[in-house]
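Participant: Test case, fold it:
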Amino acid sequence: MNTIETILISTHALFVAMITLIFFMVLLGSEDELEQYHLYKSLKLSIVITILFLIGYGYYMLLTGNENVSVHIIFFSIEALGLLTLLLNYLGLKGIVISLQIKSKKIVNMLFTISTFISVLSTLSLIFKPKFFENNIGFIRYDELLLYINLIFLGVITSQLPIIKEKFTRQEYKKREKTINKLSKIIYLILGIFNFSLIIYVIYKCSLR
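Facilitator: I've put the predicted structure just below:
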């Protein structure tokens, strides 16, 4: 490692330490209920964004066949989590709330249909292994990547189902409560079976290498 690289990584380490310091002071020093409420919502959204960034980076590394993880990426993730939380918390206290909730039932149903179609398409592709989705330089095929991304996407859509349930009136809720609960159980069962099958497939593929 040359002198410039040493200076860069030392500066980056100092910067991430300062961000972490401020983040912990705000996170652990908040006692007001309103501040804690906005801080919780800000932290939840920041965690989602940071995890999506890390997953995207990880899948990019798998596609390119690279196993070396940069320490700067770890620092960037910590900085993103801290800065996003602080920024969203500040906006929330000012009355500007950013949320990932989807309030339209039609949009959720449309996204769920798209996700189901992608799941079927990517599963068939993994079974028949067309050359179109081959990746000669990476560790995973493109249809595998599509399947993994869709799995995450499906988790986001499924999390919106309770929000739709809350939008029913009392009479509608009483009539449809059993149906929605049954549907939720079926969805979670399918997700459980799908995740278990995916884990078995990944273990099987790794054992062949």
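
Participant: Just name the shakiest helix or strand of this structure by mean pLDDT.
Facilitator: None of the helices or strands of the chain scores lower by mean pLDDT, DSSP states H and E than helix 161-166, at a mean of 52.

Participant: What distance do you get for the most centrally placed residue in the chain to G155?
Facilitator: Closest to where the C-alpha atoms of the chain average out (C-alpha atoms, centre = their mean) is L52, at 4.3 Å. To G155, L52 is 11 Å away according to C-beta to C-beta, to the nearest Å. (Glycine included, C-beta is placed from N, CA and C.)

Participant: Also S122?
Facilitator: Counting by C-beta to C-beta, the gap from S122 to G155 is 16 Å.

Participant: what does F24 give?
Facilitator: Going from F24 to G155 by C-beta to C-beta gives 29 Å.

Participant: in stretch 72-91, what's buried?
Facilitator: 75-82, 84-86, 88-89 (16 or more other C-beta atoms under 10 Å).

Participant: what about the strands in this structure?
Facilitator: For the chain, strands defined by DSSP state E do not occur.

Participant: how does it divide into domains?
Facilitator: 3-93, 105-207 (automatic domain parsing).

Participant: Serialize the ones you listed to TSV and add fields for distance to S99.
Facilitator: Formatted as TSV, these follow (distance: least, C-beta to C-beta, whole Å):
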stretch	distance to S99
domain 3-93	8
domain 105-207	10
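
Participant: Mean pLDDT lowest where, among those?
Facilitator: Note on these: lowest mean pLDDT is at domain 105-207, with a mean of 73.

Participant: and S119, how many neighbours?
Facilitator: For S119, the neighbour count with other C-beta atoms under 10 Å is 18.

Participant: Leaving out sequence neighbours, find the closest residue to the residue nearest to the centre of the chain.
Facilitator: I152 (7.6 Å; C-beta to C-beta, 6 or more residues apart in numbering).

Participant: Would you check how far apart the one you found and S115 are?
Facilitator: I152 is 10 Å from S115, by C-beta to C-beta.

Participant: Between these two, point out the one with more neighbours.
Facilitator: For the pair I152 and S115, the greater number of neighbours falls to S115 (18 against 13), based on other C-beta under 10 Å.
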